[in-house]
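Engineer: This is the structure alone, sequence omitted:
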């Protein structure tokens, strides 16, 4: 992805191959520091091929190729780096792993990702890798859903980034080499990009008859990522920091890229070209996308407050034409790597490219759900039809026809970047419902008006419902996820079950049978078992009573009020997945927090004792170092209410 990598740093210099030549620099370091990577590579490789070895040089050689998405060559020099020293910065472990993926060495890549995660414990890229060790299986499951072809507009130069408007495909291309003076970018060694368009065939989705976009929008520097509003009166686009014939630079004398907009004049010419007010000479903004209602603009940037090398942001478009303050989309979607090229659909989806989420190498295309409040969930790799070991990005789709375009520098293309058209033949979106009927375990009679609660795998409350006249309950759930389901009804023992949702659209059925509550207790019994209370739920690593925990404690409270002489010993237990000392301290705080809740709600302190036992009284084999399922660990995370007097 030679051109789309220019997301954050664009031109610093250009060369004239006709009447002027680039002034020679004194060293590869100077070329590298000026982002003249093509020239730096030539200088460094001459030295390296004569046998000179240097960690710094190998880093810069690897980086120069990596930033130009030439991963095979980058892998060669990163390998030399690690042969000299394995105690380099963690980022090099990640870059080398990405390069290894791109040349098919997945097992070796995963080893370096393991090392990366160990060395950078707070980096979300490492955490995502550890949480998704089966990411290749997930990508495989999402593959085989596209029919992909050349878009019909590609040249031997870089062509990338697409937007469809008024039955035309708009894109960026470096094919304009000039008639008199040829202008090259020293980062990539390619010509600068301008915006082009091509007519679309509505029946096939193919494009033809490429024309340069004749407008003042195109300049002698980079333009890309055009975005038109529905009425066609406004266009947003990406350009170098260049307007009114003046080139802006940051504090390091580097010309970055910015978001601009233009308005359509009465003579159908684009006028009032202006940069957006949240731009800066000292950071980049790029690749605009609009929400379906056109009230929010999304883009990529490395502005202060970014999590990674580039993050996705949004900004409100005010009725008066002004803009709100940019908001980072957060660490659910943004990583310490690059997130870029957002695209939103009318189906509450956001597509984007990332090298931080688990993928096949380079940038991969991902899709996520985005609700009306901007909350992002269910991030998925779109599969290996679109994605490859190289850079895949700038994905757009028509949600009705399921046709669209994406860009890639994958093998088999015509240029360094190419545009591909596609037809999505099978939806990725998996829609699942969890349903069931609640019945009396002894008689089989359906139980209406039963409260059913749905909890996530971390025991966070997701939703609740009341069974209808036929005893049925229904929840909308995420595919492939594990949930806990709790059913509660007066005169019946509370029951809690686990369920794993299917991975294809459909319904998952979980019938629940409740038993009559005929519990009679005596001294030494666990009052909690009477009510099916397995544990009192707390937030992770915390000891404050959660709302759903309070509902269970109210049952204990009611019995103690009915039996004023009853005394209770509250015992809190954990599983083995932390140190003994930590588990004992945490469980003790939780036992005391439970007692404090009961006292606060009217129970005399002298009727309550309690202690945390940590992992000292496990009910199964799941001690330290023993591999167990989540269900087995949960059996040890329990609360007990032992009756000591009646």
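Structural biologist: Perfect, I can see it now. All values derive from a computational prediction rather than experimental measurement. Residues are numbered from 1 along each chain as shown.

Engineer: what secondary structure does residue 259 sit in?
Structural biologist: Three-state call for residue 259 (DSSP: H, G, I helix; E, B strand; the rest coil): strand.

Engineer: Next, the contact list for the nearest residue to residue 565 once chain neighbours are set aside, please.
Structural biologist: Nearest residue to residue 565, sequence neighbours excluded (C-beta to C-beta, 6 or more residues apart in numbering): residue 646, at 6.1 Å. All C-beta atoms are positioned from the backbone trio N, CA, C, and that covers glycine. For residue 646, the contact set (C-beta atoms under 8 Å, 6 or more residues apart in numbering) comprises 522-523, 563, 565-566.

Engineer: can you redo those residues as JSON lines with pLDDT, neighbour count and secondary structure?
Structural biologist: Shown next, in JSON lines, are the contacts of residue 646 (pLDDT from 0 to 100; neighbours: other C-beta atoms under 10 Å; DSSP: H, G, I helix; E, B strand; the rest coil):
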{"residue": "522", "pLDDT": "85", "neighbour count": "7", "secondary structure": "coil"}
{"residue": "523", "pLDDT": "89", "neighbour count": "11", "secondary structure": "coil"}
{"residue": "563", "pLDDT": "85", "neighbour count": "15", "secondary structure": "coil"}
{"residue": "565", "pLDDT": "92", "neighbour count": "8", "secondary structure": "coil"}
{"residue": "566", "pLDDT": "91", "neighbour count": "19", "secondary structure": "coil"}
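
Engineer: quick one: which of these is nearest to residue 365?
Structural biologist: residue 566 (61.2 Å; C-beta to C-beta).

Engineer: What values do phi and psi take at the closest one?
Structural biologist: Main-chain dihedrals, residue 566, degrees, to the nearest 10: phi -70, psi 130.

Engineer: and the gap between it and residue 590?
Structural biologist: 21 Å (C-beta to C-beta, to the nearest Å).

Engineer: One more: residue 144?
Structural biologist: From residue 144 across to residue 590, the span is 48 Å (C-beta to C-beta).

Engineer: Between those two, point out the one with more neighbours.
Structural biologist: residue 590 (26 against 11; other C-beta atoms under 10 Å).

Engineer: For my notes, confirm that one occurs in a helix.
Structural biologist: Yes - assessed by three-state DSSP, residue 590 belongs to a helix.

Engineer: mind checking the SS state of residue 196?
Structural biologist: strand.

Engineer: hang on, isn't it packed against residue 153?
Structural biologist: Yes - between residue 196 and residue 153 there is a contact at 7.4 Å, judged by C-beta atoms under 8 Å.

Engineer: helices and strands of this structure: which one bottoms out on pLDDT?
Structural biologist: strand 14-16 (a mean of 33; mean pLDDT, DSSP states H and E).

Engineer: which neighbours do residue 196 and residue 153 share?
Structural biologist: Joint contacts of residue 196 and residue 153 (C-beta under 8 Å, 6+ apart) are 171, 173, 210.

Engineer: Now residue 642. Nearest residue, chain neighbours left out?
Structural biologist: Using C-beta to C-beta, 6+ apart, the nearest residue to residue 642 is residue 569, at 4.5 Å.

Engineer: List phi and psi for that neighbour.
Structural biologist: Torsion angles, degrees, to the nearest 10, at residue 569: phi -110, psi 110.

Engineer: burial of residue 202, as a residue count?
Structural biologist: Neighbours around residue 202, by other C-beta under 10 Å: 9.

Engineer: All further residue positions should be reported with the first residue as 14.
Structural biologist: I'll keep to 14 as the first residue from here, and by that count the last item is residue 215.

Engineer: packing partners for the host helix or strand of residue 326?
Structural biologist: Secondary structure assigned from DSSP states H and E places residue 326 in strand 324-329. Strand 324-329 sits against strand 309-314, strand 340-341, strand 352-357, with contacts defined as 3 or more C-beta pairs under 8 Å, 6 or more residues apart in numbering; DSSP states H and E.

Engineer: which one of those strands lies closest to residue 549?
Structural biologist: Among the helices and strands packed on strand 324-329, strand 340-341 sits nearest to residue 549 (C-beta to C-beta), with 35.7 Å.

Engineer: ok, how many other residues are close to the closest residue in space to residue 343 that isn't next to it in sequence?
Structural biologist: In space, and not counting its chain neighbours, residue 343 is closest to residue 389: 7.0 Å by C-beta to C-beta, 6+ apart. Applying other C-beta under 10 Å, we find 18 residues neighbouring residue 389.

Engineer: any idea of the pLDDT on residue 389?
Structural biologist: Note on residue 389: pLDDT of 90.

Engineer: re earlier: looking at the helices and strands packed on strand 324-329, spot the one closest to residue 623.
Structural biologist: Judging the helices and strands packed on strand 324-329 by C-beta to C-beta, what sits closest to residue 623 is strand 340-341, at 43.2 Å.

Engineer: Not counting that closest one itself, show me its contacts.
Structural biologist: Contacts of strand 340-341 (C-beta under 8 Å, 6+ apart): 318-320, 324-328, 347, 387.

Engineer: Might you report the residue contacts of the residue most central in space within the chain?
Structural biologist: Geometric centre of the chain, nearest residue: residue 346, 3.2 Å, by C-alpha atoms, centre = their mean. Residues in contact with residue 346, defined by C-beta under 8 Å, 6+ apart, are 325, 352, 363, 365, 381, 389, 392.

Engineer: so of the residues you listed, which ones are in strands?
Structural biologist: Counting by DSSP state E, the part of the contacts of residue 346 found in strands is 325, 352, 363, 365, 381, 389, 392.

Engineer: Just send those back as TSV, with distance to residue 589 too.
Structural biologist: Shown next, in TSV, are the ones in strands among the contacts of residue 346 (distance: C-beta to C-beta, whole Å):
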residue	distance to residue 589
325	39
352	37
363	39
365	39
381	34
389	34
392	31
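
Engineer: Of the residues you listed, which is the most crowded?
Structural biologist: residue 365 (30 neighbours).

Engineer: can you pull out the helices in the chain?
Structural biologist: In the chain, the helices defined using DSSP state H lie at 41-46, 50-61, 68-79, 84-97, 103-115, 119-132, 137-144, 148-154, 540-543, 560-575, 593-613, 643-649.

Engineer: On the pLDDT front, check the residue nearest to the centre of the chain for me.
Structural biologist: 96.

Engineer: returning to that earlier point: spatially, which two of the contacts of residue 659 are the most separated?
Structural biologist: 535 and 578 (13.0 Å).

Engineer: How many residues are close by residue 65?
Structural biologist: 10.
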